[in-house]
Each structure stands twice: as C-alpha cells, then as structure tokens.
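Q: Got a predicted structure plus its sequence, pasted below:
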Amino acid sequence: MSTPKVAVITGSSRGIGKVLALRLARQGVNVVVNYKKSADLAAQTLQEIRDAGADGITVQADIETAEGVNALFDAVIEHYPRIDAFVSNAAASAFKAIDDIKPHHLERCINMNVRPFVLGAQRAAHLMSEGGRIVVVTSYGSQRAFPTYALLGAAKAADEALVRYMAAEYGPRNITVNAVNGGLIDTDSLDFFYHKVPGMAPMQTVLEKIPLRRPGTADDMAAAVDFLLSENAGYISGQVLSVDGGLTIVAPPYWADTTAPLRDAVERPHHDTEK
C-alpha cells in the first residue's frame, strides 16, 4: 500500500487555501493546515479533510516572520518524513497610493508575501526527497497597474520572478515551481478591496470589462493549483497560469464602453451567433 501524499498549504483555514485543501483531501492527500489566529476554523477544516477520507494536522504559525516559517516546517517534520507539495497561499498588504506608502507598509508586504515563499520553498524542497510541486498564488496586479495595488502587485511580481529562478534550480531535483495568478476572485479579500478602500471604483465597473463578465471563485483558483500539483502537469515548470476570466487580455477601448450598433456584436443572444 502506497504512502499518502502530503501537501503543506499556508493560510488554509479559509478561502482559497481551504477549498484547495478539501480538493486534495478528496484525492487522498494529507494536508498540513496552516493558520495564524483562526484555530477554530483550522480545526473545522481538518475535520472536513478527515470527513473527505484523508488526514492532516493543523499548525499555528505566523509566516510573516522567519521564525514562523521555520516553526511551520519544524511541525511538519515531526509528523511526516517527506512532503509532495508546498503551496504559498497566504497574503496580506496595505492598499495605498504610492505617495502614501510608509516604510512599515513596504516591510510588512515583503515579509508577508515574498519572504515566506522563498523560505518556505527552501524548507519544502529539502523535504521533497522524491520530487514534488511548489505553487505560489499571485494576482493580476503583478502584470497590470490599478489603484492602491502597488505594494501587493510588486510583491506578487517578485514571486513570479522567483518562480522562474526556482524552476531552473529545483528542476534537477524533479521539483516543479509555478504560479497561479488570480483576477477578481470572490473571497473576503475582494470584498475588502472594493468595499473598504476609500474611494475605490465600484466592482461592477470592472466586472463588465471581464470577457466572462463575472468574478472568479475560490474553486476556480483551487482547480488551477490542483492541476499544477497533479501528474498531468509534470512537465510544466516556471510558468504563470492566469485565472482571470480574460481580464488581462483586454485593453481600452473596452467592449463594455461601446454602444449600439457596435456593442451588439458581443451582446447579442447566443442563438444569434449560430446563424
């Protein structure tokens, strides 16, 4: 009987991390559920993992600190001799215009979004004795500029650059490294960005410019990460997979800003396109 695979996911007590944890659990993968404060949510996630037929552990660790990253992997080592996947998912940032960014904002953003990916990947790679998968969750601010996202966008761009370097260096160990870049994903973070940042543009003005005309879901993101962790993605490394409904392929003038008769070319009913 083969030993179950093990995945370490940061920030997996809720949101995308939790959805991914449950997807993997249904495949028989044991999951290390990392959390910072939400012990009850982490315990609930672990119970759902067990209900799905897998197992795992919860690990309280503040990965914003180097000590926290080490504490996470020290706990992993106590339970598992090796791991198969590391997903750097947890993220946080202040949303500020450039002139409003203070040194502590910059420091925290790097400490929360870049350093845990690097230190986590280092520790994870040493535990991937038979090869493995590393995935970091990024966002479209790494590629496009929009209001108040400079800090997090720059950090995610750094992560995507690191993906390429890690893929080159870890490839000989049979470890793939990739990123999943999300657009507007319907999570608590999206709600905060559009409803709690003073003066932010209404979300609807962005949604109508997305070719698929809707926000993505946590499951959309988890499915993409799941694919990159799977055997089907064994020859994919150093890549950034966008999950954004087509948002980053469009540019002004937008179809959403046109009027009839031009607007009718994309807004006509589906049955009209079959004629």
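A: Happy to help now that I have it.
Q: C-alpha from now on. contacts and neighbour counts both.
A: Will do.
Q: Which strand residues bridge the residue nearest the centre of the chain?
A: What sits nearest the mean C-alpha location of the chain, by C-alpha atoms, centre = their mean, is residue 137, with 2.4 Å. Counting by DSSP bridges, residue 137 is bridged to residue 180.
Q: isn't it right up against residue 180?
A: Yes: because the distance of 5.0 Å satisfies C-alpha atoms under 8 Å, residue 137 is recorded as touching residue 180.
Q: still on that earlier bit, enumerate every residue touching the residue nearest to the centre of the chain.
A: Residues in contact with residue 137 (C-alpha atoms under 8 Å, 6 or more residues apart in numbering) are 87, 88, 89, 179, 180, 181, 182.
Q: Do you know the pLDDT at it?
A: Per-residue pLDDT puts residue 137 at 98.
Q: Equivalent analysis for the one 4 residues further on, please.
A: Residue 141 is assigned a pLDDT of 96 by the prediction.
Q: just residue 238 next, same as before
A: We have a pLDDT of 98 for residue 238.
Q: State the three-state secondary structure for it.
A: The assignment at residue 238 comes out as coil when based on DSSP: H, G, I helix; E, B strand; the rest coil.
Q: So for it, what's the nearest residue that isn't a sequence neighbour?
A: residue 164 (4.5 Å; C-alpha to C-alpha, 6 or more residues apart in numbering).
Q: would you say that neighbour is within a strand?
A: No: with three-state DSSP as the criterion, residue 164 is located in helix rather than a strand.
Q: Can you verify my assumption that it contacts residue 239?
A: Yes: between residue 164 and residue 239 there is a contact at 7.2 Å, judged by C-alpha under 8 Å.
Q: got any residues that touch both of these two?
A: Listed as contacting both residue 164 and residue 239 by C-alpha under 8 Å, 6+ apart are 177, 178.
Q: still on that earlier bit, ranking the contacts of residue 137 by neighbours, who comes first?
A: Neighbour counts for the contacts of residue 137, by other C-alpha atoms under 10 Å, peak at residue 179, which reaches 29 neighbours.
Q: mind checking how far that residue is from residue 71?
A: For residue 179, the distance to residue 71 equals 24 Å [C-alpha to C-alpha, to the nearest Å].
Q: Check whether residue 93 sits in a helix, strand or coil.
A: Following three-state DSSP, residue 93 is assigned to coil.
Q: Could you report the pLDDT at the residue nearest to it when sequence neighbours are not counted?
A: Nearest residue to residue 93, sequence neighbours excluded (C-alpha to C-alpha, 6+ apart): residue 109, at 5.3 Å. Looking at residue 109, its pLDDT is 96.
Q: CA atoms of the helix or strand in which residue 109 is found as PDB?
A: For residue 109, the element it lies in under DSSP states H and E is helix 103-113. This file holds the C-alpha atoms of helix 103-113, laid out as PDB (Å, rounded to 0.1, in the frame of the first residue of the first chain):
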ATOM      1  CA  PRO A 103       8.500  52.200   5.300                       C
ATOM      2  CA  HIS A 104       6.500  49.800   7.600                       C
ATOM      3  CA  HIS A 105       4.000  49.100   4.800                       C
ATOM      4  CA  LEU A 106       6.700  48.200   2.400                       C
ATOM      5  CA  GLU A 107       8.500  46.000   5.000                       C
ATOM      6  CA  ARG A 108       5.300  44.100   6.000                       C
ATOM      7  CA  CYS A 109       4.300  43.500   2.400                       C
ATOM      8  CA  ILE A 110       7.700  41.900   1.600                       C
ATOM      9  CA  ASN A 111       7.700  40.000   4.900                       C
ATOM     10  CA  MET A 112       4.200  38.600   4.300                       C
ATOM     11  CA  ASN A 113       4.200  37.900   0.500                       C
END
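Q: Report the inter-axis angle for the next helix or strand after it versus helix 103-113.
A: Per DSSP H and E, the first helix or strand lying C-terminal to helix 103-113 is helix 115-126. Counting by axes from the mean of the first three to the mean of the last three C-alpha atoms, to 10 degrees, helix 115-126 points 20 degrees away from the direction of helix 103-113.
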